[in-house]
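Trainee: Structure for the following, please:
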Amino acid sequence: MNSFFVSLGILGSIITFFYICMLLFAHFFANKMIFPAPPTSYENLPNLFFIENKKHGLRVASITLEAKNPKGFLLYCHGNGEDIGDLYPLFLEFQSRGYTILAFDYPGYGLTEGECSEKNCYLSARTTYLWFLENYTISSEEVFVYGRSLGGGSAFYLASEFNLGGLIVEGTFLSTYRVMTRVKLIHRDCFDNLAKLPRIQSPLLVIHGKQDKTVPFRHGEVLFHQYQGMKSKLWLPNASHNDVIEKGGEVYWRCLQEFIQFK
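Mentor: The predicted structure is shown next:
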């Protein structure tokens, strides 16, 4: 019996050791993995400007593309391995489809200076969102926030703070740590989208590729099923993480239009 308790104590010590190691890794190295900001892809872009948040000393590199008689107003939060220069052709496509779009770079991305972190992603998203409302004289309920991959974290944050026209997420996660651990092992998780769901009142559209190996499909599936409000989904059987729009084609664009028009 004594040997049993000795073994149990050793096992507990091993588990505690590995848990402490995981906490230290998350504290010192997680940001480098979550925000692998590539070198800026642009020096200038059509309609490039900076939105200032003087209180926090922040200048957010942003672009707007306006549609005539817009079907909707989209605020686009991009993924962790790209900037607004990389996505400019996509924004032109949104514009050609009748959407006025505002997109921005997080601190450390593109020409937005500063260090990227969860807090600074939220700050840049909030700064850009408030600018959108003020300068386009639109209400919160007219804005649809689109978050792709990492951008889903900022999109969920805005939806938890404001009553939006709708929240659209593509290839996003329950939380960043749960992409690696599947279950919540650390109390202070990063971009905990699942925890924000109860605070969200806006309609939700979840888009996910079933072949996604970067953010497995189950993340989108759980987010959709856990949300208790008005919601819609688009599951793409042949799409992975970075080819959702390409594989979705007109099905994708029709789903987006129906979601925005329905609201």
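Trainee: all strands in the stretch 51-200 of the chain, in order from the N-terminus.
Mentor: 58-65, 72-77, 99-104, 143-148, 166-170 (DSSP state E, counting those that start in this stretch).
Trainee: Tell me which of those strands lies nearest to Leu223.
Mentor: Closest to Leu223 of those, according to C-beta to C-beta: strand 166-170, at 7.2 Å. C-beta: built from backbone N, CA, C; applies to glycine.
Trainee: quick one: average pLDDT of the closest one?
Mentor: What strand 166-170 shows for mean pLDDT is 98.
Trainee: tell me what it is packed against?
Mentor: Other helices and strands packing on strand 166-170, by 3 or more C-beta pairs under 8 Å, 6 or more residues apart in numbering; DSSP states H and E, are strand 143-148, helix 151-161, strand 204-209, helix 244-262.
Trainee: Export these as JSON lines, with columns for mean pLDDT and mean neighbour count.
Mentor: Listed next are the helices and strands packed on strand 166-170 as JSON lines, based on pLDDT from 0 to 100; neighbours: other C-beta atoms under 10 Å:
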{"stretch": "strand 143-148", "mean pLDDT": "98", "mean neighbour count": "26"}
{"stretch": "helix 151-161", "mean pLDDT": "98", "mean neighbour count": "25"}
{"stretch": "strand 204-209", "mean pLDDT": "98", "mean neighbour count": "25"}
{"stretch": "helix 244-262", "mean pLDDT": "95", "mean neighbour count": "15"}
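Trainee: hey, which helix or strand in this structure has the poorest pLDDT?
Mentor: Each helix and strand of the chain was given a mean pLDDT (mean pLDDT, DSSP states H and E); the minimum falls on helix 2-34 at a mean of 47.
Trainee: returning to what we had before: tabulate the strands of the stretch 51-200 of the chain (a markdown table), appending distance to Ser160.
Mentor: Formatted as a markdown table, these follow (distance: least, C-beta to C-beta, whole Å):
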| stretch | distance to Ser160 |
| --- | --- |
| strand 58-65 | 20 |
| strand 72-77 | 14 |
| strand 99-104 | 19 |
| strand 143-148 | 11 |
| strand 166-170 | 9 |
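Trainee: among these, which is the most enclosed?
Mentor: Burial of these is given as mean neighbour count (mean count of other C-beta atoms under 10 Å); strand 166-170 ranks first at a mean of 27.
Trainee: Neighbouring strands - and their directions - for it?
Mentor: The strands beside strand 166-170 in its sheet (DSSP bridges) come out as strand 143-148 (parallel), strand 204-209 (parallel).
Trainee: what about dumping the CA coordinates of it to CSV?
Mentor: Taking Å, rounded to 0.1, in the frame of the first residue of the first chain, the C-alpha atoms of strand 166-170 are listed here in CSV:
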residue,chain,number,x,y,z
GLY,A,166,-23.4,40.3,-37.7
LEU,A,167,-20.3,38.3,-36.8
ILE,A,168,-18.7,36.3,-39.6
VAL,A,169,-15.8,33.9,-38.8
GLU,A,170,-13.8,31.8,-41.2
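Trainee: Cheers, nothing more for now.
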